[in-house]
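1. sequence and predicted structure below; questions after.
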Amino acid sequence: MPRDELRELEAKRRKALWMLANITPGDSKAFDALSILDDLELQERKDSPHTDKVLELNRVQDCVTVQHYHSGIDIILEQTIPQPWRERFHQASIGSTRLVDGPYASDWDKFLDGWDAEMRHLEQHRLARCKLGTD
């Protein structure tokens, strides 16, 4: 997928996940965000029909190189983050501070934990939608 297209897709995903964050599963206010996320997943499957799944979260974490910076802070080497995870991290980190050589490793860890929580919350919304019969 071209870089600009990936950036746009992940920006939409991030906005929809943030919209969903403060909505209780089963609340009708979640409809728009869920629709956006469903459409993005369908688009991904259509664009990459031979790809079963994006690299799993725990495998992504194993790919990323952490470097101990001379000031005592750990950073990550962004080029070691596989796509689409690099763009997902970038979208979630807009406005965050970082060093010139790379983002803080603690921000990467926070992103991974947050992503896991967001996916569990999304799944709760989808289950609630199925129970309501609107899926």
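-> Now that the structure is in, tell me what you want to look at.

2. nearest the middle, which residue of the chain would you pick?
-> Nearest residue to the geometric centre of the chain (C-alpha atoms, centre = their mean): residue 88, 4.5 Å.

3. apart from its chain neighbours, what residue comes closest to that residue?
-> Closest residue in space to residue 88, ignoring its immediate chain neighbours: residue 10 at 5.3 Å, by C-beta to C-beta, 6 or more residues apart in numbering. Every C-beta, even on glycine, is put in place using the N, C-alpha and C of the backbone.

4. and for stretch 104-121, what's in contact with it?
-> The list of residues contacting stretch 104-121 from outside it, by C-beta atoms under 8 Å, 6 or more residues apart in numbering, reads 17, 20-21, 25, 57, 60-61, 64, 66, 73-76, 81, 88-89, 92-93, 96-98.

5. which of the residues in that stretch are buried?
-> Buried positions in stretch 104-121, judged by neighbour count with 16 or more other C-beta atoms under 10 Å: 104, 105, 107, 108, 111, 112, 115, 118, 121.

6. need the residues that contact the strand or helix carrying residue 58.
-> Following DSSP states H and E, one finds residue 58 within helix 57-63. By C-beta under 8 Å, 6+ apart, the residues outside helix 57-63 that reach it are 55, 80, 81, 82, 85, 112, 115, 116.

7. where does the residue nearest to residue 88 land in three-state SS?
-> Going by DSSP: H, G, I helix; E, B strand; the rest coil, the secondary structure assigned to residue 10 is helix.

8. what's the neighbour count on it?
-> Counted with other C-beta atoms under 10 Å, the neighbours of residue 10 add up to 21.

9. who are the contact partners of it?
-> Each residue near residue 10 by C-beta under 8 Å, 6+ apart is listed here: 84, 87, 88, 90, 91.

10. and the next helix or strand past the helix or strand harbouring residue 6?
-> Using DSSP H and E, residue 6 sits within helix 3-21. Remark: after helix 3-21, the chain's next helix or strand is helix 31-47, criterion DSSP H and E.
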